[in-house]
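[1] 3D, please:
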Amino acid sequence: MAYQNLLIVIAFVLLYSLFSKRIEKTVFSGPFLALFVGLIFGPAMLNVIDIKIDSEDYRIIAELALALVLFSDASKTNLTVLKKNAAIPIRLLLIGLPLTILLGMLGGFFLFKDFSWIELGILATMLAPTDAALGKAVVTNPAVPSKIREALNVESGLNDGISVPVLFLFIALFDSISSGGLDSFYGIKLLFQEIGIGLLVGLSVTYVVAKLANYANKNAWISESWQQVVLIALALTCFIVAQISGGSGFIACFAGGFLFGTLHTKFTKKIELFESLESAGDSMSLITWILFSTFLGIVIPQFTWEIVLYALLSLTVIRMLPVMLSLAKTDLSTKESLFIGWFGPRGLATIVFAIIVLDVDSPNIEVILLTTMCTVLFSVVLHGFTAIPFIKRLR
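    Below you'll find the model as predicted:
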């Protein structure tokens, strides 16, 4: 039975890779097809896939997939374009992200009457970060203006890492209030620790490895068969070392990828490393989506009208209004600001956050998880189907 499950998953990845270039020209994204396959063959319908995996194992798979995607996207960042338009991602992160969390809490206040303000904060933070993998159709399309692509790429690369300590803060506040104690400095300490250590690990590990790789390549110490492994191992090293050190592995991966992509050593110029890294990240992402869909098929009947409405609001008003406000008085047109606001897909980071909050002893934890799963489902479908048409309208 285990081999049958594995065969279906691997067969899907194989078939998708064979027709990937053709599929990318359609409205059917990889995550959408993965969800479709998982729903059809999963317990909700044919019940052919019956994967027995605990939450911790699934969390590791999702985290590593996201780590590879973040490192890959950051390594391809156009530094020249980013320097000219750095104000856009800075506004999105420092203004748009906090406003999104606050507006998400406000929207939840009207729909989920039994939630405390801390539970609303947990839900809003889980749905605040955007997904680099789901946004790939936009950030890699040359038809989209480069300043928009770089802004969305940097935003999705950093907002999940920034959201991690905020989520842990809300969880700590909930646990503290439940136990009768509260540390007011915990959140500030955690925020600087996650971001600071993440940046330090990502930059230092990448710098050392890049110099070693360049020296080893110059002296012909690296065999051809192992050259493609370098970036994959580096990305995973950045993530794991940062997590062990108490920092954000996601920030470490994005910072490390950005540094590696800007070093321009002979090593990075000689071989096509970035393609192998991107392929590994995409493959793990597809596996993550199939696993997610097997859970999704079981819980869809439990979606209430409040959950559905909040999910739609999260993808529209709660996301787009803060983006429009944060980008006011920039050189972006209204159409471009709306485009950035709409393409804030929710995916791997939200799934990881959902696994993190499983242990929160809240009476409303089931509703929180169902809402996040509903939002991710809508995001995969809506953002996938609108990517190509909206890019054409933007032009």
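
[2] just checking, next helix/strand downstream of the least confident helix or strand in the chain by mean pLDDT?
    The weakest-scoring helix or strand in the chain, judged by mean pLDDT, DSSP states H and E, is helix 266-270 (a mean of 47). Next helix or strand after helix 266-270 toward the C-terminus (DSSP states H and E): helix 273-299.

[3] for the spatially most central residue of the chain, which non-adjacent residue is closest in space?
    Nearest to the geometric centre of the chain sits residue 131, at 3.3 Å (C-alpha atoms, centre = their mean). Distances taken as C-beta to C-beta, 6 or more residues apart in numbering put residue 347 closest to residue 131, at 3.1 Å, once the chain neighbours are dropped. C-betas here are computed from N, CA, C, even on glycine.

[4] quick one: the helix or strand that contains residue 170 to chain centroid distance?
    Assessed by DSSP H and E, residue 170 sits inside helix 146-179. With C-alpha atoms, centre = their mean, to the nearest Å as the basis, helix 146-179 stands 11 Å off its chain's centre.

[5] any buried residues in that helix, and which?
    Within helix 146-179, the residues scored as buried using 16 or more other C-beta atoms under 10 Å are 147-175.

[6] that older thread, so what's the residue nearest to the centre of the chain up against?
    156, 160, 345-350, 379 (C-beta atoms under 8 Å, 6 or more residues apart in numbering).

[7] try 10 Å this time
    31, 66, 69, 156, 159-160, 285, 344-351, 376, 379-380, 383 (C-beta atoms under 10 Å, 6 or more residues apart in numbering).

[8] and for the residue nearest to residue 131, the neighbour number?
    Residues near residue 347, counting by other C-beta atoms under 10 Å, number 30.

[9] do I have it right that residue 141 meets residue 153?
    No - Residue 141 lies out of contact with residue 153 (C-beta atoms under 10 Å); the separation is 11.7 Å.

[10] pLDDT score for residue 387?
    For residue 387, the pLDDT comes out at 88.

[11] got the phi/psi numbers for the residue nearest to residue 131?
    phi -150, psi -110 (degrees, to the nearest 10).

[12] just the pLDDT for it.
    Reported pLDDT at residue 347 in the predicted model: 88.

[13] that one touches residue 62, doesn't it?
    Yes - with contact defined as C-beta under 10 Å, residue 347 reaches residue 62; the gap is 9.5 Å.

[14] between those two, which contacts overlap?
    285, 288-289, 292.

[15] tell me the one of these nearest residue 327?
    Nearest to residue 327 among these, counting by C-beta to C-beta, is residue 285 at 28.3 Å.

[16] just checking, that closest one touches residue 33?
    No - Residue 285 lies out of contact with residue 33 (C-beta under 10 Å); the separation is 11.9 Å.

[17] and those two? Which one has more around it.
    Neighbours per residue (other C-beta under 10 Å) separate residue 285 from residue 33, with residue 285 holding more: 26 against 21.

[18] for that one, list the residues it contacts.
    Residues in contact with residue 285 (C-beta under 10 Å, 6+ apart) are 30-31, 34, 61-62, 65-66, 68-69, 131-134, 136, 347-348.

[19] now swap in residue 46 and tell me
    Residue 46 neighbours (C-beta under 10 Å, 6+ apart): 39-40.

[20] roughly how far apart are it and residue 298?
    Distance of residue 46 to residue 298, computed by C-beta to C-beta, to the nearest Å: 14 Å.

[21] quick one, the helix or strand containing residue 202 and helix 146-179 angle?
    Secondary-structure element containing residue 202, defined by DSSP H and E: helix 186-218. Put simply, helix 186-218 runs at 130 degrees to helix 146-179, going by axes from the mean of the first three to the mean of the last three C-alpha atoms, to 10 degrees.

[22] tell me the buried residues in helix 186-218?
    187, 190-191, 193-195, 197-206, 209-210, 213-214, 217.

[23] and it with helix 273-299, angle?
    Helix 186-218 and helix 273-299 are oriented at 140 degrees to each other (the same axes, to 10 degrees).

[24] elements contacting helix 186-218?
    helix 55-75, helix 146-179, helix 224-227, helix 229-244, helix 249-263, helix 266-270 (3 or more C-beta pairs under 10 Å, 6 or more residues apart in numbering; DSSP states H and E).

[25] hmm, try it at 7 Å
    Judged by 3 or more C-beta pairs under 7 Å, 6 or more residues apart in numbering; DSSP states H and E, the packing partners of helix 186-218 are helix 146-179, helix 229-244, helix 249-263, helix 266-270.

[26] can I get the third one in CSV? Just the C-alpha atoms.
    Output of helix 249-263 as CSV, limited to C-alpha atoms (Å, rounded to 0.1, in the frame of the first residue of the first chain):
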residue,chain,number,x,y,z
GLY,A,249,15.1,29.6,8.6
PHE,A,250,12.9,31.3,6.0
ILE,A,251,14.7,34.7,6.4
ALA,A,252,18.0,32.8,6.3
CYS,A,253,17.2,31.2,3.0
PHE,A,254,16.0,34.4,1.4
ALA,A,255,19.0,36.4,2.6
GLY,A,256,21.4,33.6,1.6
GLY,A,257,19.9,33.2,-1.8
PHE,A,258,20.0,36.9,-2.4
LEU,A,259,23.7,37.1,-1.4
PHE,A,260,24.7,34.1,-3.5
GLY,A,261,22.9,35.5,-6.5
THR,A,262,24.8,38.8,-6.2
LEU,A,263,28.3,37.4,-5.7
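
[27] identify the residues contacting it?
    63, 66-67, 70-77, 79, 157-158, 160-161, 164, 195, 198-199, 201-203, 205-207, 210, 234-235, 238-240, 242-243 (C-beta atoms under 7 Å, 6 or more residues apart in numbering).

[28] mind listing what's buried in it?
    Those would be 249-261, for helix 249-263 by 16+ other C-beta under 10 Å.

[29] just send these back as a markdown table, with pLDDT and distance to residue 336 too.
    Below are those laid out as a markdown table (pLDDT from 0 to 100; distance: C-beta to C-beta, whole Å):
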| residue | pLDDT | distance to residue 336 |
| --- | --- | --- |
| 249 | 89 | 32 |
| 250 | 88 | 27 |
| 251 | 88 | 27 |
| 252 | 92 | 31 |
| 253 | 91 | 28 |
| 254 | 87 | 23 |
| 255 | 90 | 27 |
| 256 | 92 | 30 |
| 257 | 89 | 26 |
| 258 | 86 | 24 |
| 259 | 89 | 29 |
| 260 | 87 | 29 |
| 261 | 81 | 25 |
